[in-house]
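Participant: This is a predicted model, with the sequence first.
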Amino acid sequence: MRAWFLLPIGLMLVACVAVPPAPTPATIPKPNSPPAAAATTTPTRPSYDRWQPLFPGAELMMTSDGLAALRHTATAVRFGVHFEPIPAQGRSVGEWLGADEQAWAAVNCGFYWDNAGVYAHLGLLVTADEVIGRLRRDWGGVLIVHEGAAAVVARPRRVAVPAELGLQGWPMLVSAGRVWDGLDAQAVHRRTAVGVDGAGRVVWVAAPYGRTLAALAERLLAPDLGLVEAVNLDGGVSTGLRWRAGPQAPQQGPDSLPIPCAVLLTPNGM
């Protein structure tokens, strides 16, 4: 067993956290729900298939085949996480965004499970300020944003904690610019994914109209997204990617049903 797992692009590994075995992903319900309305970045609908600015260092794109995507440099945003362990107090991604006075965008987290009537995040979920979920070793993949650089680590054993953001999902979708082996090509659900493109930017992708894992992974490799590493986040009714052109502006983008967790993106320096 190796003492350290070296991150690509030189992220320093400084701590290890682990938890006892948790329920397998097969026990997590993944229901379908009607697709959300198509998103726009301003009160007028943007052109499809073209990246458009949201704030400095961040861009949005709606694709003609039904994806919503947000990409940003690792240094362009401050990350926050809202997590509500009481099931009855969950909110949609849009409601989590609306409850934050500064964030310009929000997306659902990784998987969660019911631990004796209290929700817990399945796998790593950390920001610079708090640890919400601890690493599940050798499972899925982890997005790490640390010291101004981003990477997705497959089957993590040790990761940098604290970090600006650590978010674990399952399964890996893309690694080294190739589709991860063994992805399901049958089940169609709404999907959420996060990854890193060839320029080192973090890219969040929502597929609110449903795709198989294999089809989503193939799509993430297309030139308009250009992901080289990516991991699957919670999907089904949890899929949500919402944004607004300022704290008081109307929201746009596909929304989720009430869920316990959302990652909030706030522009740095604004």
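Facilitator: Good, I have the coordinates.

Participant: Skip the chain neighbours and tell me the closest residue to Ala76.
Facilitator: Of all residues not flanking Ala76 in the chain, Gly57 sits nearest, at 2.7 Å (C-beta to C-beta, 6 or more residues apart in numbering). In short, each C-beta sits where N, CA and C put it, glycine included.

Participant: cool, Glu84 as well?
Facilitator: Pro260 (4.8 Å).

Participant: Surely that neighbour touches Ala88?
Facilitator: No. At 10.4 Å, Pro260 does not count as touching Ala88 under the criterion of C-beta atoms under 8 Å.

Participant: Among the two, which residue is more densely surrounded?
Facilitator: Taking neighbours as other C-beta atoms under 10 Å, Pro260 and Ala88 compare with Pro260 leading, 22 against 6.

Participant: give the contact list for the most centrally placed residue in the chain.
Facilitator: Nearest to the mean C-alpha position of the chain, counting by C-alpha atoms, centre = their mean, stands Val194 at 4.4 Å. If a contact means C-beta atoms under 8 Å, 6 or more residues apart in numbering, then Val194 has 107, 143, 152, 167, 169, 202-205, 230-231, 233 as its contacts.

Participant: Out of those, which sit inside helices?
Facilitator: Among the contacts of Val194, no member falls in helices (DSSP state H).

Participant: And these, which two are furthest apart?
Facilitator: Greatest spacing in those, by C-beta to C-beta: Val107 and Val152 (15.1 Å).

Participant: And the helices in the stretch 1-150 of the chain, which stretches?
Facilitator: Ranges of helices in the stretch 1-150 of the chain, per DSSP state H, counting those that start in this stretch, are 93-98.

Participant: residue contacts, the residue nearest to Ala76?
Facilitator: Gly57 touches 72-73, 75-77, 267-268, counting by C-beta under 8 Å, 6+ apart.

Participant: Buried among those residues? Need that as a selection in ChimeraX.
Facilitator: To isolate the buried subset of these in ChimeraX, counting by 16 or more other C-beta atoms under 10 Å, use the following:
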select :72,73,76,77,267
